[in-house]
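Enquirer: Got a sequence here, can you model it:
(one chain, ligands or ions: 1)
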Amino acid sequence: MGKRWRYKLLTCFAVAGLITFVAVLVFNRTPLPKKTPTPKELYDVISPSTYRFILNQPELCEKKSPFLVLMIPVTLKDTEARTAIRRTWGQDGLSPRVTVLHLFVIGQPAQSDPVLQEHLERESKEFGDIIQMDFVDSYHNLTIKTMMIMNWIATYCQGAWYAMKIDADIFLNVRYLVDYLLDQGESSRKDYICGSVISDAVPHRDTFNKWYISEDLYPDTWYPPYVSGAAYVFSTDLARKISWASRFVRPIPLEDVYVGLCLHILGVKPMYATTFLGLGNLFEVRRLKYERCTFAKRIIVNGFNPQNLVRIWHDFKKSYFTC
Ligand SMILES: *[C@@H]1O[C@H](CO)[C@@H](O)[C@H](O)[C@H]1NC(C)=O
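Expert: Now for the predicted structure:
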């Protein structure tokens with residue numbers, strides 16, 4: 001073989017090597033898990049096509065073009081919590097910069113209650129902030145409710161920038177949250193989900209645990225990172241993507257882990273929200289003694305009943321001028 005040929009052959013090998021190297025870098029950054037569709041009878045449990053609306057607000061987002069929509073799971077009987085939220089962090093006009101809407105998301109009680117249901121329908125007419133679907137409301141069924149929230153955003157509210165899933169027993173600092181989101185810039189407009197991230201959880205196998213899950217239902221020995229279900233905020237494009245991913249994730253009764261499993265399918269990593277130096281968690285999922293200027297520097301704080309929420313709100317409003 002002549003020198004020239006040897007040189008050409010070497011160049012060929014070098015180029016092929018380089019192409020392989022680049023291809024591995026580009027395509028193999030985060031190997032996504034294998035996607036196997038869930039059997040139909042299992043997917044049907046969380047599929048939006050299984051359930052019907054009893055109360056809906058299909059035109060709300062079109063009319064109001066919100067920046068952020070707060071989706072609050074409650075049950076039929078939680079009238080007091082709904083009232084407290086409307087008087088505190090659910091009220092209009094808390095952020096001077098953008099429009100924030102809130103919606104209560106409700107199923108049905110196992111035993112029908114015509115009197116409360118009639119109350120709810122009047123409440124819905126008066127406030128226009130209630131969505132109700134015909135699945136049975138229970139702790140076990142919260143995954144269904146969360147997937148109905150995702151589906152509602154994907155169907156009726158794609159124009160909003162962000163949605164937040166937030167429990168009724170949480171204190172929310174709307175103004176701080178809006179400013180935080182506006183500060184995040186472009187990268188948080190897409191594939192963005194933020195809250196209190198739990199990244200090293202494993203399935204609980206003892207039957208007395210509140211979060212028990214059987215090996216039959218979830219055979220893996222680890223959970224992917226997920227955000228605590230108490231409250232998390234996400235760019236609205238993720239609602240459609242999570243709904244899509246749910247076809248490949250077998251339903252489990254732990255709603256926040258379930259969303260984490262969908263994010264894992266999508267290759268989306270949930271984000272922590274931290275204070276300036278990265279030390280404090282802005283999504284305070286522990287209980288914290290009320291102190292005006294501490295709460296002014298958090299997005300959420302956990303553990304409030306309706307009376308306490310109303311009581312501290314009166315004082316908290318002063319933080320806009322004093323902290
Ligand atoms: C969950 O909801 C479904 C659909 O309404 C219902 O058939 C089932 O009994 C509920 N499960 C629990 C544990 O409440």
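Enquirer: I figured L116 hits K77, correct?
Expert: Yes: taking contacts as Cβ atoms under 8 Å, L116 lies within contact range of K77: 6.1 Å. For the C-beta atoms, the positions are set from N, CA and C on the backbone; glycine is no exception.
Enquirer: which residues are common contacts for these two?
Expert: Common contact partners of L116 and K77 (Cβ atoms under 8 Å, 6 or more residues apart in numbering): P109.
Enquirer: Spell out which parts of the chain neighbour the ligand.
Expert: F135, V136, S138, H140, N141, I144 (Cβ under 6 Å from any ligand atom).
Enquirer: Quick one, grab the pLDDT at the third one.
Expert: In the predicted model, S138 carries a pLDDT score of 96.
Enquirer: ditto for the fifth one
Expert: On pLDDT, N141 comes in at 97.
Enquirer: need the contact list for the nearest residue to L172 once chain neighbours are set aside.
Expert: Of all residues beyond its chain neighbours, the one nearest L172 is W89 (4.2 Å), with distances taken as Cβ to Cβ, 6 or more residues apart in numbering. W89 makes contacts with L70, H102, F171, L172, N173, V174, W313, as judged by Cβ under 8 Å, 6+ apart.
Enquirer: most surrounded residue in the residues you listed?
Expert: The most crowded member of these, judged by other Cβ atoms under 10 Å, is L172 (26 neighbours).
Enquirer: That one against I299, yeah?
Expert: Yes: using Cβ under 8 Å, L172 is in contact with I299, at 7.2 Å.
Enquirer: tell me, what's touching the two both at once?
Expert: Common contact partners of L172 and I299 (Cβ under 8 Å, 6+ apart): A231.
Enquirer: any idea which of the residues of the chain next to the ligand has the most stuff around it?
Expert: Per-residue neighbour counts (other Cβ under 10 Å) across those peak at I144, which has 25 neighbours.
Enquirer: Let's verify the nearest residue to that residue once chain neighbours are set aside: helix, strand, or coil?
Expert: Nearest residue to I144, sequence neighbours excluded (Cβ to Cβ, 6+ apart): F135, at 5.0 Å. Classification of F135 using DSSP: H, G, I helix; E, B strand; the rest coil returns strand.
Enquirer: Check the gap between G195 and T83 for me.
Expert: To T83, G195 is 26 Å away according to Cβ to Cβ, to the nearest Å.
Enquirer: Look at the two and report which has more neighbours.
Expert: G195 (29 against 15).
Enquirer: Could you list the low-pLDDT ranges of the chain?
Expert: Flagging of the chain using pLDDT under 70 yields the residue ranges 1-7, 9-31.
Enquirer: which residues in it form strands?
Expert: Using DSSP state E, the strands of the chain run over residues 53-55, 68-73, 100-108, 130-136, 162-166, 170-172, 193-198, 226-235, 271-272, 283-287, 300-302.
Enquirer: tell me the most buried of those?
Expert: strand 162-166 (a mean of 26; mean count of other Cβ atoms under 10 Å).
Enquirer: tell me the angle that one makes with strand 68-73.
Expert: With axes from the mean of the first three to the mean of the last three Cα atoms, to 10 degrees defining the directions, strand 162-166 sits at 30 degrees from strand 68-73.
Enquirer: distance between strand 162-166 and the chain's centre?
Expert: Taking Cα atoms, centre = their mean, to the nearest Å, one finds strand 162-166 lying 6 Å from the centre of the chain it belongs to.
Enquirer: ok, now stretch 82-98?
Expert: Centre-to-centre, stretch 82-98 and its host chain are 19 Å apart (Cα atoms, centre = their mean).
Enquirer: Dump the C-alpha coordinates for it into CSV.
Expert: The C-alpha trace of stretch 82-98 is given here as CSV (Å, rounded to 0.1, in the frame of the first residue of the first chain):
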residue,chain,number,x,y,z
ARG,A,82,-62.8,27.9,49.2
THR,A,83,-64.1,31.0,50.9
ALA,A,84,-60.8,31.5,52.7
ILE,A,85,-58.8,31.3,49.5
ARG,A,86,-61.1,33.7,47.7
ARG,A,87,-60.5,36.2,50.5
THR,A,88,-56.8,35.7,50.6
TRP,A,89,-54.4,34.5,47.9
GLY,A,90,-57.1,33.6,45.4
GLN,A,91,-58.5,37.2,45.2
ASP,A,92,-58.0,39.2,42.0
GLY,A,93,-55.5,42.0,41.6
LEU,A,94,-52.8,40.8,44.0
SER,A,95,-50.1,41.1,41.4
PRO,A,96,-50.1,44.6,39.8
ARG,A,97,-48.1,43.3,36.8
VAL,A,98,-50.2,40.4,35.4
